[in-house]
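Participant: got a predicted structure plus its sequence, pasted below:
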Amino acid sequence: MKKSPILNASYLFGGRGLAILCNFLATVHLAKRVGVINFGWLSFSLSLTSYALILTDFGLLTLGVRRLTQEPEDKEIVSNLLSLRLFLSLIVFFLLLALTLLLSKPPTVKRLIFLYSFFLFLNSLSLDWFFQAKEEMFYIGLNRLFSSFSYLFFLYLFVKAANDYLNVPKLFLVSQGIGLLFLFFLYRRTGATFNLRFDAKKFSRLFLSALPLGLTNLLQILYTYFGIIFLGFFGQPKELGIYSAMHRLLYSTLIIDLITSYLFLPLISSFYSQGWEKLPKLFSLLTRLLLSLTLPISLLVSLFSQPLISFLFGQNYLEGAPLLCLLIFFLPLTTLSTIYATGLIAGKREKVLLFNTLIGTIINLTLSATLYFQWKTIGLVLGFLFGEVFIVTKNFLSLQKEMTLPLKGFIPKIDREVIRFLLSREL
């Protein structure tokens with residue numbers, strides 16, 4: 001039985017919300033305990049690992065969700081997908097190791113990257129996507145909460161001074177392992193099983209099917225973390241630390257975008273399978289809802305950026321206030337982009353999404369690098385936002401070619417129509 005969107009959203013907001021709160025408190029604790037420079041190196045190392053991580057996903061998780069939603073009779077998708085991701089993780093691990101050895105960075109930074117790289121194997125065995133396809137959002141939220149709370153707990157126990165920053169990746173890996181074991185336990189309780197096996201033919205078919213989605217995800221990660229990676233190579237350590245803190249603060253607000261991607265892919269996919277008549281109304285309704293949630297948050301954070309930063313991170317990070325005032329408006333942009341991207345994925349138009357994301361990423365990277373040498377980190381943020389404006393606009397126009405999306409959907413409001421849909425899935 002399909003659950004109502006508001007019930008699934010409540011599970012995700014509950015679990016994910018508390019998880020993000022734990023991660024946010026972990027960020028605040030790290031920023032204060034390890035100092036601006038060490039915090040910047042931790043962010044750089046994890047961001048570099050995130051780039052590698054996307055090569056083990058490569059759109060396979062999104063493909064798996066769509067496959068289980070639209071073809072639930074496929075009994076081999078779990079075994080095939082987990083086996084392929086584990087194989088990719090092994091390849092990417094050695095590539096990242098080789099890159100780390102070639103980097104002209106201090107030995108401690110190389111050690112951080114090496115430790116974080118073991119997350120590739122843990123993440124490849126994650127079953128989040130399986131429960132997402134089944135719309136069991138309660139389990140996903142609980143999994144995130146267990147991992148994040150254990151991470152925060154371990155940080156408070158073992159990271160108390162600047163020199164303790166080398167413990168952070170180890171504690172991160174242990175906490176992620178706890179979440180992984182929890183989902184394995186739940187998966188086995190469903191009576192389902194999987195077998196890890198190497199099958200070159202099945203791997204090839206699955207990989208090629210996911211290729212457009214994989215390239216899109218790679219580009220999304222590339223432009224999301226480009227500022228941190230760029231500053232890690234070309235900026236000053238203090239710039240990296242301050243920018244990383246503001247980026248983490250932005251990321252803490254992206255729970256709405258995360259829930260959007262988890263909640264609405266199976267939902268929109270099911271509407272596509274039922275026919276196209278209700279889709280324009282669905283996208284209009286979702287746009288109104290998401291703007292109503294994200295715009296007030298962006299305005300409030302922008303208005304109170306200085307006291308917020310001072311309270312959370314301390315006086316050493318106040319230089320980041322102008323960055324946060326701009327960065328926070330990435331929230332409504334990326335949330336709308338996710339909705340329209342989800343529509344393109346559900347409609348099997350991954351190549352269109354890939355093209356839109358590619359051009360937006362090129363704009364982001366080009367403008368960010370160019371404007372940095374003009375206006376420093378403010379230039380990085382402007383390039384970041386301009387790239388996202390292009391992507392959300394192109395994704396919207398791409399959907400317009402298949403259906404007429406009313407412009408009144410851009411008026412943020414939560415009315416009876418929205419509430420009825422959230423409660424009953426009825427349009």
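Facilitator: Yep, it's here. Note that the structure is a prediction, hence the values are computed from the model and not measured.

Participant: which elements pack onto the strand or helix carrying Leu326?
Facilitator: In the assignment (DSSP states H and E), Leu326 maps to helix 321-327. Applying 3 or more CB pairs under 8 Å, 6 or more residues apart in numbering; DSSP states H and E, we find helix 321-327 packed against helix 237-253, helix 279-303, helix 305-312, helix 377-400. For the C-beta atoms, the positions are set from N, CA and C on the backbone; glycine is no exception.

Participant: turn the ones you listed into TSV, including distance to Gly40 and mean neighbour count.
Facilitator: TSV is the format used below for these (distance: least, CB to CB, whole Å; neighbours: other CB atoms under 10 Å):
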stretch	distance to Gly40	mean neighbour count
helix 237-253	3	23
helix 279-303	22	18
helix 305-312	16	16
helix 377-400	12	21
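
Participant: make CSV from those helices and add mean pLDDT and distance to Phe172 to it.
Facilitator: As requested, those are exported to CSV (pLDDT from 0 to 100; distance: least, CB to CB, whole Å):
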stretch, mean pLDDT, distance to Phe172
helix 237-253, 86, 14
helix 279-303, 85, 26
helix 305-312, 90, 20
helix 377-400, 91, 25
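
Participant: quick check: which of these is nearest to Ala133?
Facilitator: Closest approach to Ala133 among the helices and strands packed on helix 321-327 (CB to CB): helix 279-303, 19.2 Å.

Participant: can you give the distance of the closest one from its chain's centre?
Facilitator: Remark: helix 279-303 is offset 18 Å from the chain centroid, using CA atoms, centre = their mean, to the nearest Å.

Participant: one step back: need the helices and strands packed on helix 321-327 in a markdown table with distance to Phe194, can you?
Facilitator: Below are the helices and strands packed on helix 321-327 laid out as a markdown table (distance: least, CB to CB, whole Å):
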| stretch | distance to Phe194 |
| --- | --- |
| helix 237-253 | 31 |
| helix 279-303 | 33 |
| helix 305-312 | 42 |
| helix 377-400 | 34 |
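
Participant: ok, back up a step: contacting residues around the helix holding Leu326?
Facilitator: 242-243, 246-247, 249-250, 301-302, 305-306, 308-309, 377-378, 381-382, 384-385 (CB atoms under 8 Å, 6 or more residues apart in numbering).

Participant: go with 10 Å
Facilitator: 227, 242-243, 245-247, 249-251, 253, 298, 301-310, 317, 320, 376-378, 380-382, 384-385 (CB atoms under 10 Å, 6 or more residues apart in numbering).

Participant: what's the mean pLDDT across the helix or strand where Ala98 lies?
Facilitator: Assigned by DSSP H and E, Ala98 belongs to helix 77-102. The predicted model gives helix 77-102 an average pLDDT of 88.

Participant: what residues sit buried inside it?
Facilitator: Using 16 or more other CB atoms under 10 Å as the test for burial, helix 77-102 gives 77-89, 92-93, 96, 100.

Participant: off-centre distance for that helix?
Facilitator: Worked out by CA atoms, centre = their mean, helix 77-102 lies 19 Å from the chain centre.

Participant: packing partners for it?
Facilitator: helix 5-57, helix 60-70, helix 107-116, helix 119-124, helix 128-133, helix 200-224 (3 or more CB pairs under 10 Å, 6 or more residues apart in numbering; DSSP states H and E).

Participant: make JSON lines out of the ones you listed and add mean neighbour count and distance to Ile328.
Facilitator: Output for the helices and strands packed on helix 77-102, formatted as JSON lines (neighbours: other CB atoms under 10 Å; distance: least, CB to CB, whole Å):
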{"stretch": "helix 5-57", "mean neighbour count": "21", "distance to Ile328": "14"}
{"stretch": "helix 60-70", "mean neighbour count": "22", "distance to Ile328": "27"}
{"stretch": "helix 107-116", "mean neighbour count": "18", "distance to Ile328": "27"}
{"stretch": "helix 119-124", "mean neighbour count": "20", "distance to Ile328": "28"}
{"stretch": "helix 128-133", "mean neighbour count": "23", "distance to Ile328": "27"}
{"stretch": "helix 200-224", "mean neighbour count": "18", "distance to Ile328": "15"}
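
Participant: which one, of the ones you listed, ends up nearest to Gly347?
Facilitator: helix 60-70 (10.5 Å).

Participant: and that closest one, what does it pack onto?
Facilitator: By 3+ CB pairs under 10 Å, 6+ apart, helix 60-70 packs against helix 77-102, helix 128-133, helix 200-224, helix 255-274, helix 330-346, helix 350-375.

Participant: please redo it, this time with the cut-off set to 7 Å
Facilitator: helix 77-102, helix 128-133, helix 200-224, helix 255-274 (3 or more CB pairs under 7 Å, 6 or more residues apart in numbering; DSSP states H and E).

Participant: so for Ser175, which of those helices sits nearest?
Facilitator: helix 128-133 (15.0 Å).

Participant: could you point out which element follows that closest one?
Facilitator: helix 137-158.

Participant: so which elements touch that next one?
Facilitator: In terms of contacts (3+ CB pairs under 7 Å, 6+ apart), helix 137-158 is packed against helix 5-57, helix 128-133, helix 168-189, helix 255-274.

Participant: how about that helix: buried residues?
Facilitator: Neighbour-count burial for helix 137-158, counted by 16+ other CB under 10 Å, picks out 137-152, 154-155.

Participant: what angle separates it from helix 5-57?
Facilitator: Per axes from the mean of the first three to the mean of the last three CA atoms, to 10 degrees, the angle that helix 137-158 makes with helix 5-57 is 60 degrees.

Participant: kindly export helix 137-158 (C-alpha atoms) in PDB.
Facilitator: Listed next in PDB are the C-alpha coordinates belonging to helix 137-158 (Å, rounded to 0.1, in the frame of the first residue of the first chain):
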ATOM      1  CA  MET A 137      10.900   6.300   4.300                       C
ATOM      2  CA  PHE A 138      10.700   5.600   8.000                       C
ATOM      3  CA  TYR A 139      13.600   3.200   7.700                       C
ATOM      4  CA  ILE A 140      15.700   5.600   5.700                       C
ATOM      5  CA  GLY A 141      15.100   8.400   8.200                       C
ATOM      6  CA  LEU A 142      16.000   6.000  11.100                       C
ATOM      7  CA  ASN A 143      19.100   4.900   9.400                       C
ATOM      8  CA  ARG A 144      20.400   8.400   8.900                       C
ATOM      9  CA  LEU A 145      19.600   9.200  12.500                       C
ATOM     10  CA  PHE A 146      21.600   6.300  13.800                       C
ATOM     11  CA  SER A 147      24.600   7.200  11.700                       C
ATOM     12  CA  SER A 148      24.500  10.900  12.400                       C
ATOM     13  CA  PHE A 149      23.900  10.600  16.100                       C
ATOM     14  CA  SER A 150      26.700   8.000  16.600                       C
ATOM     15  CA  TYR A 151      29.000  10.300  14.600                       C
ATOM     16  CA  LEU A 152      28.200  13.300  16.800                       C
ATOM     17  CA  PHE A 153      28.500  11.200  20.000                       C
ATOM     18  CA  PHE A 154      32.000   9.900  18.900                       C
ATOM     19  CA  LEU A 155      33.100  13.500  18.000                       C
ATOM     20  CA  TYR A 156      32.200  14.800  21.500                       C
ATOM     21  CA  LEU A 157      34.100  11.900  23.000                       C
ATOM     22  CA  PHE A 158      37.300  11.800  20.900                       C
END
